[in-house]
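# prediction below, plus the sequence it came from.
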Protein chains: 2
Amino acid sequence: MTPAFEKLQQALKSLPGVGYRSAERMALHLLVEKPERRIALVAALEAAARAVHRCVRCGNLAEGEQCAVCADTRRDDAVVCVVEHVPDLVAMERSGAYRGVYHVLYGRLSPINGVGPGELNWEALRTRLESGAVRELILALGNDVEGEATCHFITQHLGTVHDVAVKVSRIGFGLPSGGGVLYADAVTLKSALDGRRDYV
Amino acid sequence: MTPAFEKLQQALKSLPGVGYRSAERMALHLLVEKPERRIALVAALEAAARAVHRCVRCGNLAEGEQCAVCADTRRDDAVVCVVEHVPDLVAMERSGAYRGVYHVLYGRLSPINGVGPGELNWEALRTRLESGAVRELILALGNDVEGEATCHFITQHLGTVHDVAVKVSRIGFGLPSGGGVLYADAVTLKSALDGRRDYV
C-alpha cells in the first residue's frame, strides 16, 4: 500500500493485542470503509487526552479533581488497596469484590531499572498513611521479587509512623479460579503452599 | 471509568475485531501507559486521511495520481481484475498469484438497497473497457446473487461495445484450500460442483 497507509498500520499495530493483519484490516476500515469512525476516533482520543488526568488523591483516572471511586461516598475511605497500575485497579473493580478505595503507585520499586520511591506515586500514599485516616492497607502488587520489595518498603515505612495502627495484608497467591494443580507452574505452587489456610 | 474514557473505549470498540475488553485495554494503553503512541496514532490517522485517496484509474488507495499497482510498469495493463472493495484487492495481492492490474468497484449492484451503476466506480471501468486497452477481464466478485448480478451487468455492457474483444472470466468457487467436503456448506458444494474441471 502507500507510505502513509503503512505508517498508520504501524501505529495501529503498536496497540496491545493487535497484529500485522488486524492492523491492516483496521487501517482499511478507518480509511476506506468508515471514514466517519476515523474522525470519531481522533476526536475521542484528543478529548480523552484533554479531559482525563490523575486523581489528586489516588492516581486513578479522573475528569474532575477526584476519580469516581474516591468521589463515591458509599466506598470505605479507611480501606486502601495499593495497585501498580490503573489496569490493575480496573481488574479489581471488575471483580466487584472490593468496596474500599485505591492507591495507584504507577509502578513498583526496581532499583536495577532505576525505579526508586521518587519515580512512583509514593509521596501521596505516604501523606495518606501519615494523616491517620487509613485503617487498613491491602497490597495488591505482583507476585514477584519487585512486588515483594515494594510491599516490604511500604510496611517498613509504616513501622516508622507513630500513632498510626494500620492493618496490612497482601492479596492471596495460588491457583487461579478453575486452575488445576496439574497445570500450575512450580512458582505458583510454591506461592499456593506458602499461602495455605487452615481448612476445617 | 470517566465519560471521556468510555467514549474513547466506544470508538476503539467500533474497530473490526475489537471487543469491549480489548477496547478497554487499548484505551488504558493509549491514555496511561504509552501516551506517546496516542500522539503517533492521531498523527498517522490524520496524515493518512490527508495523503491517501483513490487512484484515478482503478480506485485503489494511492498517494500520487496513480496507485502503486497502476504505476508499476512490470504489471500487465491489459489484464484487469475487478474487485468489490480495497480489502479484496489487498487479499489478491497477498496471494502473489496475480500480475495484472485492478479495478475497484466500491460495492456491487444491489437494486434492493438502491445501489445502481451510478453508486459504483463503474464509469471509470466503462471508459477503460471502451478504450480498447483491456484484453482480459477477471471478475473477482463475491459468490452470491449480487456478485452474480454485477458480473452479468458488466458482461452485458461488454456485448454492446463494438470493436473490442475482451476475454472475460470469473474466479473459481468451491472448497477453500485445506477444506474438506465434510465441512463445506451446501451452497459451497453446489458452487464446487458447478465449477468442476476435467481431471485427467
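Arrived safely.

# check contacts around the closest residue in space to residue A:93 that isn't next to it in sequence.
Nearest residue to residue A:93, sequence neighbours excluded (C-beta to C-beta, 6 or more residues apart in numbering or on different chains): residue A:69, at 7.5 Å. Every C-beta, even on glycine, is put in place using the N, C-alpha and C of the backbone. By C-beta atoms under 8 Å, 6 or more residues apart in numbering or on different chains, the contact set of residue A:69 is A:55, A:58, A:60, A:75, A:89, A:93, A:101, A:102.

# am I right that residue A:69 is in a helix?
Yes: counting by DSSP: H, G, I helix; E, B strand; the rest coil, residue A:69 is found in a helix.

# report pLDDT for it.
Confidence at residue A:69, expressed as pLDDT, is 96.

# picking that back up, want to throw the contacts of residue A:69 into a markdown table with distance to residue B:28 and neighbour count?
Shown next, in a markdown table, are the contacts of residue A:69 (distance: C-beta to C-beta, whole Å; neighbours: other C-beta atoms under 10 Å in any protein chain shown):
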| residue | distance to residue B:28 | neighbour count |
| --- | --- | --- |
| A:55 | 15 | 25 |
| A:58 | 16 | 24 |
| A:60 | 11 | 24 |
| A:75 | 21 | 16 |
| A:89 | 10 | 25 |
| A:93 | 12 | 15 |
| A:101 | 19 | 23 |
| A:102 | 15 | 26 |
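
# those residues in helices, which ones?
Among the contacts of residue A:69, the members falling in helices (DSSP state H) are A:89, A:93.

# and the furthest pair within the contacts of residue A:69?
Between any two of the contacts of residue A:69, the greatest separation by C-beta to C-beta is 13.6 Å, found for A:55 and A:93.

# list the contacts of the residue most central in space within chain A.
Closest residue to the average C-alpha location of chain A: residue A:85 at 2.5 Å, with C-alpha atoms, centre = their mean. Shown in contact with residue A:85 (C-beta under 8 Å, 6+ apart): A:104, A:105, A:106, A:107, B:32, B:33.

# please repeat the previous calculation with a cut-off of 7 Å.
Residue A:85 makes contacts with A:104, A:106, as judged by C-beta atoms under 7 Å, 6 or more residues apart in numbering or on different chains.

# and what of the one 10 residues further on?
Residues touching residue A:95, when contacts are defined by C-beta under 7 Å, 6+ apart, are absent altogether.

# quick check: phi and psi on it?
phi -70, psi -20 (degrees, to the nearest 10).

# tell me how far it lies from residue A:89.
Counting by C-beta to C-beta, to the nearest Å, the separation of residue A:95 from residue A:89 is 11 Å.

# thinking again about what came up before, what's the pLDDT at the residue nearest to the centre of chain A?
If you check residue A:85, the pLDDT there is 91.

# gap between it and residue A:147?
12 Å.

# contacting residues around stretch A:181-197?
Residues contacting stretch A:181-197 (C-beta under 7 Å, 6+ apart): A:143, A:172, A:173, A:174, A:175.

# now, of the residues you listed, which are buried?
Buried members of those, counted by 16 or more other C-beta atoms under 10 Å in any protein chain shown: A:174, A:175.

# what comes up buried for the helix-or-strand element of chain A with minimal mean pLDDT?
Of all helical and strand segments in chain A, the minimum by mean pLDDT, DSSP states H and E falls on helix A:186-194, at a mean of 79. By neighbour count on 16+ other C-beta under 10 Å, the buried set for helix A:186-194 is A:188, A:191, A:192.

# ok, stretch A:179-188 next?
A:184, A:188.

# where does chain A dip in pLDDT?
For chain A, the stretches with pLDDT under 70 are A:162, A:199-200.

# in it, which strand has the most residues?
strand A:76-83 (DSSP state E).

# Provide the contact partners of that one at residue level.
A:89, A:92, A:98-105, A:125, A:128, A:133-141, A:154.

# next one: that strand to chain centre, how far?
Distance of strand A:76-83 from the chain centroid (C-alpha atoms, centre = their mean, to the nearest Å) equals 14 Å.

# again with stretch A:86-100
Its chain's C-alpha centre and that of stretch A:86-100 lie 9 Å apart, by C-alpha atoms, centre = their mean.

# check stretch A:5-16 too.
Worked out by C-alpha atoms, centre = their mean, stretch A:5-16 lies 25 Å from the chain centre.

# outside of it, which residues touch it?
Contacts to stretch A:5-16, defined as C-beta under 7 Å, 6+ apart, come from residues A:18-20, A:23-24, A:26-27, A:31, B:25-26, B:29, B:37, B:40-41, B:44-45, B:47-48, B:52, B:61.

# mark which of these are buried, thanks.
Using 16+ other C-beta under 10 Å, the buried ones in the contacts of stretch A:5-16 are A:18, A:23-24, A:26-27, A:31, B:25-26, B:29, B:37, B:40-41, B:44-45, B:47-48, B:52, B:61.

# quick check: phi and psi at residue A:91.
For residue A:91, the backbone dihedrals (degrees, to the nearest 10) come out as phi -60, psi -40.

# enumerate every residue touching it.
Contacts here follow C-beta under 7 Å, 6+ apart; on that basis residue A:91 touches nothing.

# same question for residue A:135.
So residue A:135 contacts A:78, A:79, A:166, A:167 (C-beta under 7 Å, 6+ apart).

# what's the answer for residue A:65, then?
Counting by C-beta under 7 Å, 6+ apart, residue A:65 makes contact with residue A:56.

# and it, that's in a helix?
No: read with three-state DSSP, residue A:65 is coil and lies in no helix.

# helices of chain A, start to end?
Ranges of helices in chain A, per DSSP H, are A:3-13, A:20-28, A:35-51, A:68-71, A:86-95, A:122-130, A:145-160, A:186-194.

# if anything else comes up later, I'll come back, but that's it for now.
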